[in-house]
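Novice: Give me coordinates for this.
(2 chains)
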Amino acid sequence: MSNDESMDPMRLWREWFVKSEKSWSDALTEMMGDERFSDGMGRYVHEALHSHRMFGESMGQYLANLNIPSRGDILDMSDRLAQIEDTLGSIQVELRSQRALLTTLAAGTKSESKPKRPARTRKPQADAS
Amino acid sequence: MSSSTTAGRADDSDSELDARIENVVERTILRNIPGLSLHVSESDLDVGPTPKELVYSNETARLYHYEPLLDEIYRVPILLVMSPVAKGYILDLAEGQSLVEYLLLQGHDVYMLEWAAPRREQSELGLDDYVIDLVGGCIEAVVDDCGENEVTLVGYCMGGMLSAMYTALNPEGPVKNLVCFTTPVNGDGMELYKKWMSSPAFDIERLVKELGNIPGDFVNSSIQALRPLQRSANQMRLLNHAQDDAFVKAHLRFDRWAVDQLPVPGRLAIALARDFIVENKIVNNKLELRGELADFSKITVPFLHVAALHDHIVPAAASKDFIDLVGSEDKQEIVMKGGHVSLVAGGNAVFRLWPQLDSWLGARAL
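Specialist: Residues are numbered from 1 along each chain as shown, chains lettered A, B, ... in the order given. Now for the predicted structure:
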């Protein structure tokens, strides 16, 4: 089986690709750094934005007619879910502090019965310094 | 040539062909089983396994505290500050491959500031909000939670930028030590981004006006563009090791994180593009946040910067000035083998970065 694998042309090709990938990537990034490429990419991004907005507007009307949610509707729902998550997070934080407070009160004021937290007295190990 | 010899040779070649076909089929099945099983059972890829609790949240900031694993810990807690575009689980990737777990086992008290995806109305959050309110708020929350009035900030990539800016604005504040991994400070060193963003055809403000927040896909594409064929090469490598279950899982975890980029609030994106990349304000000492200059020379706390030798995302030209900008007497820069991500989370990090980090922190967390 190992002989088969070493002679597998696809495997050999993949290995060659992996070894030479960096130089190919460097060549591509050098091309992308060219001023003409940068200008072209900037123009492309803005054209794409314009097209995206036009398409969104036309599709929005079409989807509304079909009673199907648009991207904007989905984003609205996503924002509401995120707000709910944020609120849940705030509740979680509040519950944590209330639990800590209750634990302290339940333990009373005696130091030996206070909730045990790790001692902050650690020193570096001798062989690590 | 006799017919029996010919028939014999035909039989031999038929059986050899059968054996080869059987071999290929067997290898294909074996290759696909790990992949299929991982697709079916996502729990095998569970990331962020170390138990943690949410301590504080504000806008996009989420502060987590990891439960200490030892009965005796260092006095000064660590606050890991993630980049606003990346998820925090890269530092807690899996059991045995987790910086968080490692630090806990060495006796550190670990908190992590990671970021949630901004909602549309949070597109107005800017660099000043992130540094002053969100990072600042989390530091106060750590002080409040642990009962110590000093904190070590450990920032990764742009998290390091935010940490350094906060420390520069609050030199007498609660930051006791500052550690930054692969942190860019020189916009001129981010050559490709500088060329793109300096082009008159590229208008970041128009982009933000149309999109609000810069989508995570956009962020991911711009990072991939720095080494366009790397992802394909990683997939080739995966195919070559497809029968190795551990390799496949490790690859899928890294791959998941690599494409799991967070959207960037619009105003923050404008600040990063204009102030950092194009105008290079950090190095030129002109970066102001709410009217106050974030002068890195005012950073005087012990400082460690760790750079990766093969970092194509934050190359040396973008980070090497950091050590000269800070005003600390106790400062050190280490350049280690590895890439932008493998430095902190790769298989060799446990032998390279993590012990050095623990050693440096241990001496300064008393």
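
Novice: Need the residues that contact stretch B:137-145.
Specialist: Under the criterion Cβ atoms under 8 Å, 6 or more residues apart in numbering or on different chains, residues B:55-56, B:58, B:61, B:63, B:65, B:77, B:79, B:81, B:111, B:113, B:149-151, B:153, B:166, B:173-175 lie in contact with stretch B:137-145. C-beta: built from backbone N, CA, C; applies to glycine.

Novice: Show me which parts of that stretch are buried, residue by residue.
Specialist: B:137-139, B:141-143, B:145 (16 or more other Cβ atoms under 10 Å in any protein chain shown).

Novice: surely B:Leu103 meets B:Tyr74?
Specialist: No. B:Leu103 lies out of contact with B:Tyr74 (Cβ atoms under 8 Å); the separation is 9.6 Å.

Novice: so what sits against both of those two?
Specialist: B:Leu361.

Novice: so where do the helices sit in the stretch 101-250 of chain B?
Specialist: Taking DSSP state H, counting those that start in this stretch as the test, the helices found in the stretch 101-250 of chain B are B:127-128, B:136-146, B:158-169, B:191-198, B:204-211, B:216-224, B:230-240, B:245-258.

Novice: could you redo those helices as a markdown table and give each row mean pLDDT?
Specialist: Listed next are the helices of the stretch 101-250 of chain B as a markdown table, based on pLDDT from 0 to 100:
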| stretch | mean pLDDT |
| --- | --- |
| helix B:127-128 | 97 |
| helix B:136-146 | 96 |
| helix B:158-169 | 98 |
| helix B:191-198 | 91 |
| helix B:204-211 | 91 |
| helix B:216-224 | 91 |
| helix B:230-240 | 88 |
| helix B:245-258 | 86 |
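
Novice: Ok, which of the ones you listed comes nearest A:His52?
Specialist: Set against A:His52 and scored by Cβ to Cβ, those come closest in helix B:204-211, at 7.7 Å.

Novice: Can you mark which positions in that closest one are buried?
Specialist: In helix B:204-211, counting by 16+ other Cβ under 10 Å, buried: B:204, B:207-208, B:210-211.

Novice: can you check stretch A:48-64 too?
Specialist: A:49, A:63.

Novice: In chain A, what residue comes closest to chain B?
Specialist: Nearest residue of chain A to chain B: A:Gly42, at 3.0 Å (Cβ to the nearest Cβ).

Novice: ok but that residue is inside a helix, no?
Specialist: Yes. Looking at A:Gly42 with DSSP: H, G, I helix; E, B strand; the rest coil, it is inside a helix.

Novice: quick one: it from A:Met31, how far?
Specialist: To A:Met31, A:Gly42 is 16 Å away according to Cβ to Cβ, to the nearest Å.

Novice: Which strand or helix spans B:Leu63?
Specialist: strand B:61-66 (DSSP states H and E).

Novice: what does B:Leu343 give?
Specialist: Using DSSP H and E, B:Leu343 falls in helix B:342-345.

Novice: Can you give the distance from that helix to the centre of its chain?
Specialist: 8 Å (Cα atoms, centre = their mean, to the nearest Å).

Novice: what's the average pLDDT for that helix?
Specialist: Averaged across helix B:342-345, pLDDT comes to 93.

Novice: Identify the residues contacting that helix?
Specialist: The contact list for helix B:342-345 (Cβ under 8 Å, 6+ apart) reads B:90-91, B:93, B:97, B:99, B:156, B:181-182, B:254, B:306, B:308, B:311, B:336, B:348-349, B:352-353.

Novice: Can you name the residues of the stretch 51-200 of chain B sitting close to chain A?
Specialist: B:53-57, B:62, B:68, B:70-75, B:107, B:109, B:116-117, B:119-121, B:148, B:191-192, B:195-196, B:198-200 (Cβ under 8 Å from any Cβ of the partner chain).

Novice: Need the buried ones from these selected in ChimeraX.
Specialist: Remark: buried members of those, expressed as a ChimeraX selection using 16+ other Cβ under 10 Å:
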select /B:54,55,56,57,62,68,73,74,75,107,109,116,117,119,120,148,191,192,195,196,198,199
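
Novice: Give me the three-state assignment for B:Leu93.
Specialist: Relying on three-state DSSP, one would call B:Leu93 strand.

Novice: I'd like to know how far it sits from chain A.
Specialist: 22 Å (Cβ to the nearest Cβ, to the nearest Å).

Novice: Once you drop chain neighbours, what's closest to the residue in the stretch 151-300 of chain B positioned nearest to chain A?
Specialist: At 3.0 Å from chain A, B:Ala201 is the closest residue in the stretch 151-300 of chain B, using Cβ to the nearest Cβ. Nearest residue to B:Ala201 in three dimensions, chain neighbours excluded: A:Gly42, at 3.0 Å (Cβ to Cβ, 6 or more residues apart in numbering or on different chains).

Novice: Any idea how many residues pack against that neighbour?
Specialist: 19 (other Cβ atoms under 10 Å in any protein chain shown).

Novice: Low-confidence regions, the stretch 1-150 of chain B specifically.
Specialist: When residues are selected by pLDDT under 70, those of the stretch 1-150 of chain B lie in B:1-12, B:28, B:30-45.

Novice: Show me the strands in it, by range?
Specialist: Ranges of strands in the stretch 1-150 of chain B, per DSSP state E, counting those that start in this stretch, are B:52-58, B:61-66, B:78-81, B:92-94, B:97-98, B:110-115.

Novice: from the helices of the stretch 101-250 of chain B, which stretch is densest packed?
Specialist: helix B:158-169 (a mean of 26; mean count of other Cβ atoms under 10 Å in any protein chain shown).

Novice: Which neighbouring elements make contact with it?
Specialist: strand B:78-81, strand B:151-156, strand B:175-181 (3 or more Cβ pairs under 8 Å, 6 or more residues apart in numbering or on different chains; DSSP states H and E).

Novice: That one versus strand B:110-115: what angle between them?
Specialist: Orientation check (axes from the mean of the first three to the mean of the last three Cα atoms, to 10 degrees): helix B:158-169 against strand B:110-115 gives 100 degrees.

Novice: now helix B:158-169 and strand B:175-181, what's the angle there?
Specialist: Using the same axes, to 10 degrees: helix B:158-169 against strand B:175-181 is 150 degrees.

Novice: Need the CA coordinates for helix B:158-169. CSV is fine.
Specialist: What follows is helix B:158-169, C-alpha atoms only, in CSV (Å, rounded to 0.1, in the frame of the first residue of the first chain):
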residue,chain,number,x,y,z
MET,B,158,-5.2,43.9,16.9
GLY,B,159,-6.0,43.0,20.5
GLY,B,160,-2.4,44.0,21.2
MET,B,161,-3.0,47.3,19.5
LEU,B,162,-6.0,48.0,21.6
SER,B,163,-4.2,47.0,24.8
ALA,B,164,-1.2,49.2,23.9
MET,B,165,-3.4,52.2,23.2
TYR,B,166,-5.2,51.7,26.5
THR,B,167,-2.0,51.5,28.4
ALA,B,168,-0.6,54.6,26.6
LEU,B,169,-3.7,56.5,27.6
